[in-house]
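**Student:** Next one to model:
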Amino acid sequence: MARRARVSALVTVLALVVAAASAPGASAARSSAKNDTQGVSDDEIIVGGVGGYSVNPVNLPYDEMVDGVNAFFAMVNEEQGGVYGRKLRVVKDRDDRSQSITNLLQTRALVEQDKVFAIMPVATTGFAGARYTTKNGVPVFGYHISNDWEDAPNLFGETGSATCFDCPDPTYPWLATQLGAARVGVIGYNVDISADCVRWQVKSYKKFGVKTPYVNDSLAFGFTESAFAAEIAKMKDAGIDMLSTCMDSNGSLLIKQAMDAAGLRVPVQWGEGYNQEFLDEFGDQLDGLHISLSEQPFEDPMPSEGMANYLEWMGKTGGNVHKISLAGWIVADLFVEGLLTIGKNPTRSKLIKALNKMDNFTAHGVTSGIDWTTAHSDNPDGLACRAFLKVVDGQFVPEFSEPGKPFVCLDANAKSLDDYVVKAAGLE
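**Tutor:** Numbers count the residues shown, from 1 in each chain. Modelled structure (predicted):
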């Protein structure tokens, strides 16, 4: 069953100003017989990653993604002796400084100098190495936050690899109706990807009859609370009863502070901001914030097998519990599941082929399920599954769910809100 790429993965990049140099294209991945087993020896399989570490315009801890990969590898190596007797190891993690040309060069270095079997993890604002890895049949696993990941059979993101700003998402209007909101404001920055997000959200609301009387896609980076006063007046005049942002955490926080100071206290739908450290610092100012996730929340009192293992092994390996390290854990799980499927003689081409036959990958209950037969480019069944959280007294609190059943699944192909099909309030 296909699942839509999670909202926060798309909105996370809305502050970025670095664009990828090229997209992968739709041609099938290929690899020469000589290189198909590169990185595989009798006793280990090696991988290497690339990320925007020293320069990071979205201020996310991309370095923690490799912590999630290492934690999963440590579990498999210790408990199972690796995969068919081969230990798993990250041999290199290269910094691309969030620059497209550097990303391409570092990606090539991983393949041609470090001789890795697969690229993992990728955690950067634009994966310019996508076309190169697709042409050379190199499996890639990483944090899917841009359209560089789309339409290539060898690229595997933690929520799928498709990005569609023209596909209405039922998450937004459904949450609005649950909160009693009928007039929603949508706001973002004056950069293309943020404007695309604003357009996407407006389309999503309008499809299901939720009005958007206030829309702003022209905010400049670095705005101040005082400079935002005129926009607050426009929001009040528009009579909004909810705000939805296409911004980074800091920008969204400034807006909420300005709204609270002006007495405009309405719920805020935040695409990005699931960060306990940020909440610890500003939690007293974030009540009324709502977030939707494609993964089981850390706060769920009944963690799935995958989440319980993640929390245990992050503790054992000293990693930080965060959505970025969780993304690394998810793609490492996918990688290992693929290796187990193809048997004792792994090749890149066999791994890619096997993964693209998986139609319900959940990382042992961490996600609602990814259909890799379609997740590179499409979502034919229109199903969107989300876990919802709200901030109450400075804490993330699950809403619209039951312990151990975090996901609400909505039908994006419904013609109106009255026709919404809630497929499940959780998983069987």
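**Student:** how about residue 242, what does it touch?
**Tutor:** Residues near residue 242 by CB atoms under 8 Å, 6 or more residues apart in numbering: 176, 179, 181, 183-185, 266-269. Quick note: C-beta positions are derived from backbone N, CA and C, even for glycine.
**Student:** Next step: those restricted to helices.
**Tutor:** residue 176 (DSSP state H).
**Student:** Please flag which of the contacts of residue 242 sit within strands.
**Tutor:** Those of these mapping onto strands are 183-185, 268-269, per DSSP state E.
**Student:** Neighbour-wise, which one of those residues leads?
**Tutor:** residue 184 (29 neighbours; other CB atoms under 10 Å).
**Student:** Quick check: it touching residue 241?
**Tutor:** Yes: counting by CB atoms under 8 Å, residue 184 touches residue 241, with 7.5 Å between them.
**Student:** ok so, going back, would you format the contacts of residue 242 as TSV with distance to residue 40 included?
**Tutor:** Formatted as TSV, the contacts of residue 242 follow (distance: CB to CB, whole Å):
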residue	distance to residue 40
176	50
179	51
181	53
183	58
184	52
185	53
266	55
267	51
268	49
269	45
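**Student:** Quick check: can you list the domain ranges of this structure?
**Tutor:** 7-164+303-355, 171-298+382-419 (automatic domain parsing).
**Student:** Could you say which of those is packed most deeply?
**Tutor:** Highest mean neighbour count of the domains of the chain: domain 7-164+303-355, a mean of 21 (counted as mean count of other CB atoms under 10 Å).
**Student:** just for the stretch 1-150 of the chain, where's the confidence low?
**Tutor:** Where the stretch 1-150 of the chain drops to pLDDT under 70, the residues are 1-34.
**Student:** all strands for it, in order.
**Tutor:** Counting by DSSP state E, counting those that start in this stretch, the stretch 1-150 of the chain has strands at residues 44-51, 87-95, 118-123, 140-142.
**Student:** want to throw the domains of the chain into CSV with distance to residue 368?
**Tutor:** Formatted as CSV, these follow (distance: least, CB to CB, whole Å):
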stretch, distance to residue 368
domain 7-164+303-355, 10
domain 171-298+382-419, 4
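**Student:** just to revisit the earlier point, tell me which of the contacts of residue 242 is nearest to residue 289?
**Tutor:** Ranked by distance to residue 289 (CB to CB), those are led by residue 268 at 5.3 Å.
**Student:** Bridge partners for that closest one, pull those for me.
**Tutor:** residue 243, residue 289 (DSSP bridges).
**Student:** I'd guessed it sits against residue 290; true?
**Tutor:** Yes: using CB under 8 Å, residue 268 is in contact with residue 290, at 6.9 Å.
**Student:** show me where this structure has helices.
**Tutor:** For the chain, the helices defined by DSSP H cover 7-11, 64-80, 100-112, 130-135, 171-178, 192-207, 229-238, 249-261, 276-282, 305-317, 323-342, 348-355.
**Student:** how far away is the nearest residue to residue 38 once chain neighbours are set aside from residue 45?
**Tutor:** Excluding the flanking residues, the one nearest residue 38 by CB to CB, 6 or more residues apart in numbering is residue 115, at 5.5 Å. Going from residue 115 to residue 45 by CB to CB, to the nearest Å gives 12 Å.
**Student:** Equivalent analysis for residue 268, please.
**Tutor:** 45 Å.
**Student:** Kindly report the same for residue 157.
**Tutor:** As defined by CB to CB, residue 157 lies at a distance of 21 Å from residue 45.
**Student:** quick check, nearest of the ones in strands among the contacts of residue 242 to residue 41?
**Tutor:** So of the ones in strands among the contacts of residue 242, ranked by how close each gets to residue 41 (CB to CB), first place is residue 269, at 48.9 Å.
**Student:** is it true that that closest one touches residue 243?
**Tutor:** Yes: with contacts counted by CB under 8 Å, residue 269 reaches residue 243, the gap being 7.1 Å.
**Student:** so who does the nearest residue to residue 149 once chain neighbours are set aside touch?
**Tutor:** Take residue 149 and drop its neighbours on the chain: the residue closest to it by CB to CB, 6+ apart is residue 161, 4.1 Å away. Each residue near residue 161 by CB under 8 Å, 6+ apart is listed here: 5, 144, 149-150, 152, 155, 375-377.
**Student:** Same check on residue 232?
**Tutor:** Residues counted as contacts of residue 232 (CB under 8 Å, 6+ apart) are 258-259, 262, 264.
**Student:** Output the below-cut-off pLDDT ranges for the stretch 251-400 of the chain.
**Tutor:** Short version for the stretch 251-400 of the chain, where the test is pLDDT under 70: 378-382.
**Student:** rerun that using 90 as the cut-off
**Tutor:** Along the stretch 251-400 of the chain, the model assigns pLDDT under 90 to residues 251-254, 256-257, 270-278, 283-284, 288, 377-385.
**Student:** show me the contacts for the closest residue to residue 310 other than its chain neighbours.
**Tutor:** Once flanking residues are discounted, residue 310 sits nearest to residue 329: 4.9 Å by CB to CB, 6+ apart. If you count contacts by CB under 8 Å, 6+ apart, residue 329 has them with 68-69, 71-72, 306, 310, 314, 363, 366.
**Student:** Serialize the residues you listed to a markdown table and add fields for distance to residue 97.
**Tutor:** Conversion of these to a markdown table gives the following (distance: CB to CB, whole Å):
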| residue | distance to residue 97 |
| --- | --- |
| 68 | 22 |
| 69 | 21 |
| 71 | 26 |
| 72 | 27 |
| 306 | 33 |
| 310 | 29 |
| 314 | 27 |
| 363 | 30 |
| 366 | 30 |
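**Student:** which one of these sits closest to residue 135?
**Tutor:** residue 69 (24.3 Å).
**Student:** you'd agree that closest one is up against residue 334?
**Tutor:** No: at 10.9 Å, residue 69 and residue 334 do not qualify as touching, with contact defined as CB under 8 Å.
**Student:** measure residue 221 to residue 377 for me?
**Tutor:** Note on residue 221: its distance to residue 377, by CB to CB, is 32 Å.
**Student:** do the same with residue 146
**Tutor:** Residue 146 is 15 Å from residue 377, by CB to CB.
**Student:** which residues do residue 115 and residue 45 both contact?
**Tutor:** In contact with both residue 115 and residue 45: residue 39, using CB under 8 Å, 6+ apart.
**Student:** rewinding a little: ok, of the contacts of residue 329, which one's closest to residue 348?
**Tutor:** residue 69 (17.8 Å).
**Student:** how close does the closest one get to residue 198?
**Tutor:** From residue 69 over to residue 198 the distance is 33 Å, taken as CB to CB.
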